[in-house]
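Trainee: Okay, here's the prediction I keep looking at, along with the sequence it came from:
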Amino acid sequence: MPSLSEAAKARVATETIPTSATPSPAAAVGLPVESDEIAFDIKGFSLWYGQRQALQDVTIQIPARKVTAIIGPSGCGKSTFLRALNRMHELTPGTRLEGSLRHFGHDLYGPGVEAVAIRRRVGMVFQKSNPFPTMSIAENVLVGLRLNGVKDKAVLQERLEQSLHMAALWDEVKDHLNRPGTSLSGGQQQRLCIARSLAVQPETLLMDEPCSALDPLATAKIEELIQALRASYTVVIVTHNMQQAARCSDRTAFFYMGRLIEFGNTRNMFTNPGNPQTEAYVSGRFG
């Protein structure tokens, strides 16, 4: 089986991949969704770390300009799935994959597609806030633009203010932009990282448990921000907090042991799940 890098070079861009005549229920749960536009169209996706299979035959369509929550117990493949959406796994030796992953119709692992270009379009916010310690608040926001060759001071200033406004942070830091990013509180640092992702104007924002290390007040601000971003961005969030998924998301996907078990409208998932495993998880009987 080819490695991740070999698969990216050898893949012939197609709309579909071969599947068995009788797909498993888990493979079918991701189709279809009620949306005018699909952000991620994923078919038959499996991923291995060496000999260990972390994801198995995931098929799902994630709608554009909606919030999709990924839930499931620890080790079920949530973060693995999220990181595959912007090719973070290429940083892990021995990773290999099968299947089709498309972002607004473009093959994420197609021939000649650079991971750096994908990460500009698909931003990532991690569980632990990670502002660059040697950079000021302003420099943290603008570092991606500068690395992409943007030098126009007016453009940089406009994007700085715009990104901090979108991250609901401008009013709190506008008079302290030259202070280190690490001087902010934990919740502010996480919003600074969100502003940094938004500054390069991605189409999609991925969030891997962005509130797990935050207090309730900071968590509420991040959740409000997620709700505001959904008007312009596709947001995919991994969370262990089912109440957070219920509050924030339009769609919810339940993963268990590397498989997608159920995907659908969040309200329905929590009030009338269609799969016994989903019902057992959301009702707290395991996990």
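Mentor: Arrived safely, thanks for sending.

Trainee: Low-confidence bits of the stretch 101-250 of the chain, can you list those?
Mentor: Under the criterion pLDDT under 70, no range of the stretch 101-250 of the chain is flagged.

Trainee: quick one: residue 64 from residue 265, how far?
Mentor: When distances are taken as C-beta to C-beta, to the nearest Å, residue 64 and residue 265 turn out to be 16 Å apart. Glycine gets a C-beta too; all of them are placed from N, C-alpha and C.

Trainee: Could you do residue 142 as well?
Mentor: 38 Å.

Trainee: Could you list every helix and strand in contact with the particular helix or strand that has residue 196 in it?
Mentor: Assigned by DSSP states H and E, residue 196 falls within helix 186-199. Counting contacts by 3 or more C-beta pairs under 8 Å, 6 or more residues apart in numbering; DSSP states H and E, helix 186-199 packs against strand 122-125, helix 137-147, helix 153-166, helix 170-173, strand 204-208, helix 216-229.

Trainee: CSV for these, including distance to residue 237 and mean neighbour count?
Mentor: Formatted as CSV, those follow (distance: least, C-beta to C-beta, whole Å; neighbours: other C-beta atoms under 10 Å):
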stretch, distance to residue 237, mean neighbour count
strand 122-125, 9, 22
helix 137-147, 21, 20
helix 153-166, 16, 16
helix 170-173, 23, 16
strand 204-208, 4, 24
helix 216-229, 7, 16
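
Trainee: now the ones you listed as TSV including distance to residue 102?
Mentor: Shown next, in TSV, are the helices and strands packed on helix 186-199 (distance: least, C-beta to C-beta, whole Å):
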stretch	distance to residue 102
strand 122-125	12
helix 137-147	24
helix 153-166	26
helix 170-173	35
strand 204-208	12
helix 216-229	22
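
Trainee: of all these, which lies closest to residue 36?
Mentor: Set against residue 36 and scored by C-beta to C-beta, those come closest in strand 204-208, at 16.0 Å.

Trainee: Pretty sure residue 70 sits against residue 249.
Mentor: No. The pair residue 70 / residue 249 is not scored as a contact, 9.2 Å apart, by C-beta atoms under 8 Å.

Trainee: Need the three-state assignment for the residue lying closest to residue 55 once chain neighbours are set aside.
Mentor: Nearest non-adjacent residue to residue 55, counting by C-beta to C-beta, 6 or more residues apart in numbering: residue 47, 4.3 Å away. The three-state assignment at residue 47 reads strand, by DSSP: H, G, I helix; E, B strand; the rest coil.

Trainee: can you tell me how far residue 47 sits from residue 259?
Mentor: From residue 47 to residue 259 the distance is 12 Å (C-beta to C-beta).

Trainee: joint contacts of these two?
Mentor: residue 55 (C-beta atoms under 8 Å, 6 or more residues apart in numbering).
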